[in-house]
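K.L.:
Attaching a predicted model along with its sequence, questions to come.
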Amino acid sequence: MTEIKNTSARCECGALELNIQGPPVVQLVCHCSDCQAFTAMPFSDIVFFKPDQCHVHGQSDTMTIKGNSGFDKTHYSCASCQTPIYVTLAVLNGAVAVIASQLSGFTFEPEVHIWTSEKANNVTIPVEAIQSSGLPPKALSDAMVATFWH
């Protein structure tokens with residue numbers, strides 16, 4: 001996994017910035033319908049960070065929905081240009097899931113494709129990729145829970 005110490009995610013107009021101090025916890029490709037709606041893309045490349053590593057500057061529009069876990073997840077987009085930047089997940093104690101393409105100087109290296117049961121018809125997943133029809137595989141899911149609830 002890419003080791004970074006400091007990076008930022010920024011919207012298209014530069015009015016919303018998320019500064020991150022620390023390495024990512026996990027990187028994955030999500031095919032769920034919520035991610036498709038939030039990003040207007042057939043899937044989302046997502047990088048998870050601990051909430052205490054993330055500091056927001058600027059105004060955002062938010063939308064909170066119930067995730068498949070039954071817990072809230074809040075989507076954050078720039079209030080000016082509406083670029084989607086990140087999501088916070090209550091099920092993971094406020095974990096910050098950042099849209100990888102918005103991160104500066106970051107090489108995305110996904111560990112797994114999740115929610116492939118909701119994959120768009122025109123998307124092909126690489127044969128060698130680890131896939132899960134729903135949540136991440138148990139070992140990864142357990143590691144994420146342990147990290148974010150530690």
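P.N.:
Alright, I've got the coordinates.
K.L.:
contacts, neighbours, all on C-alpha from now
P.N.:
OK.
K.L.:
In contact with the closest residue to residue 21 other than its chain neighbours, which residues are there?
P.N.:
Distances taken as Cα to Cα, 6 or more residues apart in numbering put residue 6 closest to residue 21, at 4.5 Å, once the chain neighbours are dropped. Each residue near residue 6 by Cα atoms under 8 Å, 6 or more residues apart in numbering is listed here: 19-23.
K.L.:
what two of the residues you listed have the greatest distance between them?
P.N.:
19 and 23 (12.1 Å; Cα to Cα).
K.L.:
Where does the residue lying farthest from the centre of the chain sit, in terms of helix or strand?
P.N.:
What lies farthest from the middle of the chain is residue 127; by Cα atoms, centre = their mean that is 22.5 Å. Taking DSSP states H and E as the definition, one finds residue 127 inside no helix or strand.
K.L.:
So for the longest helix seen in the chain, what gets flagged as buried?
P.N.:
Counting residues, the longest helix found in the chain (DSSP state H) is helix 138-148. Within helix 138-148, the residues that qualify as buried are 144, 148, counting by 16 or more other Cα atoms under 10 Å.
K.L.:
Alright, calling it a day.
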